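Novice: below are the sequence and a predicted model; questions follow.
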Amino acid sequence: MPDDTPLSATPRIRIHGPGDLAQALPYLLGHTGLVDDVVLLATRGRRTVLTLRLDLGALAAGALWSATVAEALIAAQADHVHVITYPVGPVTDATLATLHTDLVIAAAARPRPLGIAHVVTVADGTWWVHDLHAPAPAGPGTPIVDNPALTLGLAVGYGAPAPSRAHAVSVLDRRPDPVLTQVKSLIARIGPRGTTTRTQAARAALARRTDRPLDWNLPEAADVLDALTDRHTRDVLVVRSHDQHAWWTWSTLLPYAPRGWRAPVATMVAFAAHQRGDGLLAGAAVHQALDADPSYALAQMFAQVLNLGLTPAQVRDDLLAPAAAELADGRS
């Protein structure tokens, strides 16, 4: 399904040097094969700005905040950091107690004014939450169940990476064919409508999901999928990709999209996932967009963004902000 024109006919993308690519690498790698590691997921204003992967031994040695790590966090202007430990399983209560002690010590030694957000241990498909003002977690923990929608909600709430690449992208898997057939039939019944009506419908669906992911009923999914085929409606929502709820809104809608309506929403997922710092999901989404429609210009452009290794901040500054200004001026 052609998209008329991309978000910006001449996107202003700046590559400042090799350092920008190095900064972008964590977004492109995703969280995979993590054992005996610790991940620092740094955020600013609830947006991911940097991901660092270190040996778990750095935590036990009191070396979590090395000069290199501190400099990276300062350069990223992070205000909080999520700490996720990946010990070698099986994880016992003694393992958790040792990790908890090390985490409490590390939190006290963190660079100021950096705040500690969620602290999580993940191993063998299970996770535990550490309250650093309480005793260590104990017991069997919470399974990371094989339910993409629930796993998505957990990731939103706790910043806990998925246990594998396949699991991470499974949130985008299509609904069964009978469901997609029903959605397609409902879209056909909508009939012609203007840009304003379409934009209002899509904005309302996004607003309903401000606080948490919600599943879609088929009429609502059909309504928004039809709306996103309008270029102006799509662009109005793409420039809000940095809103946290954009990520889970479009990620949970994509499975309902029949092939002919898949490219716009998959591209929306790519933008929103990248803004969250999830390069793995962004890459999977843009691949799905181009698989559904190889000529979809906005997906082609975003594939270049990923290939160039642009950071979320660069995309906001060089693509989203100029597009928002053009929309506000009525030039799009």
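Specialist: Arrived safely.
Novice: can I get the helix or strand where Leu180 lies in CSV? Just the C-alpha atoms.
Specialist: Here Leu180, judged by DSSP states H and E, is contained in helix 177-190. The C-alpha coordinates for helix 177-190 follow below in CSV (Å, rounded to 0.1, in the frame of the first residue of the first chain):
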residue,chain,number,x,y,z
ASP,A,177,-6.1,-16.0,9.8
PRO,A,178,-9.8,-16.1,10.8
VAL,A,179,-9.2,-13.1,13.0
LEU,A,180,-7.4,-11.2,10.2
THR,A,181,-10.3,-12.1,7.9
GLN,A,182,-12.8,-10.6,10.3
VAL,A,183,-10.7,-7.4,10.7
LYS,A,184,-10.4,-7.0,6.9
SER,A,185,-14.2,-7.4,6.6
LEU,A,186,-14.8,-4.8,9.2
ILE,A,187,-12.4,-2.4,7.5
ALA,A,188,-14.4,-2.8,4.2
ARG,A,189,-17.6,-1.8,6.0
ILE,A,190,-16.1,1.5,7.2
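Novice: how close does Ala138 get to Ala227?
Specialist: For Ala138, the distance to Ala227 equals 48 Å [Cβ to Cβ, to the nearest Å]. Where C-beta positions appear, they are placed from N, C-alpha and C, glycine not excepted.
Novice: same check, this time on Val81
Specialist: Distance of Val81 to Ala227, given as Cβ to Cβ: 37 Å.
Novice: which one's more surrounded, those two?
Specialist: Comparing Val81 with Ala227 by neighbour count (other Cβ atoms under 10 Å), the higher total belongs to Val81, at 28 against 24.
Novice: tell me who's in contact with the closest residue to the more buried one other than its chain neighbours.
Specialist: If you skip the residues right next to it in sequence, Val81 has Ala42 as its closest partner in space, 4.8 Å away by Cβ to Cβ, 6 or more residues apart in numbering. Contact criterion Cβ atoms under 8 Å, 6 or more residues apart in numbering gives 48-52, 73, 76, 78, 80-82 as the residues in contact with Ala42.
Novice: among those, which are in strands?
Specialist: Assignment to strands by DSSP state E places the following of the contacts of Ala42 there: 48-52, 80-82.
Novice: what about the residue nearest in space to the middle of the chain, which helix or strand?
Specialist: If you average the C-alpha coordinates of the chain and look for the closest C-alpha using Cα atoms, centre = their mean, you land on Ala273, 3.2 Å from that point. Element membership for Ala273 (DSSP H and E) is helix 262-275.
Novice: what is the distance between the helix holding Leu180 and the centre of its chain?
Specialist: 28 Å (Cα atoms, centre = their mean, to the nearest Å).
Novice: got a list of contacts for stretch 181-200?
Specialist: Stretch 181-200 is contacted by residues 175, 218-219, 221-223, 225-227, 230, 232-233, 236, 256-258, 260-261 when judged by Cβ under 8 Å, 6+ apart.
Novice: same thing but at 10 Å, please
Specialist: Outside of stretch 181-200, the residues within contact range by Cβ atoms under 10 Å, 6 or more residues apart in numbering are 175, 201, 216, 218-237, 256-261.
Novice: what does stretch 94-108 give?
Specialist: Looking at what lies outside stretch 94-108 - Cβ under 10 Å, 6+ apart - the contacts are 38, 56, 58-65, 81, 83, 85, 87-89, 91-92, 114-116, 119, 121, 123, 128, 130-139, 141.
Novice: where are the low-confidence patches of the protein?
Specialist: 1-34, 46-48, 143-169, 330-332 (pLDDT under 70).
Novice: beyond the top helix by length along it, next helix or strand please.
Specialist: Ranked by residue count and defined by DSSP state H, the top helix of the chain is helix 93-108. Using DSSP H and E, the helix or strand that follows helix 93-108 towards the C-terminus is strand 115-123.
Novice: next one: that next one to chain centre, how far?
Specialist: In terms of Cα atoms, centre = their mean, the gap separating the centre of strand 115-123 from the centre of its chain is 17 Å.
Novice: now do that strand and helix 93-108, the angle between them.
Specialist: 160 degrees (axes from the mean of the first three to the mean of the last three Cα atoms, to 10 degrees).
Novice: grab the nearest non-local neighbour of Leu225.
Specialist: Take Leu225 and drop its neighbours on the chain: the residue closest to it by Cβ to Cβ, 6+ apart is Trp261, 4.4 Å away.
Novice: thanks a lot, see you next time.
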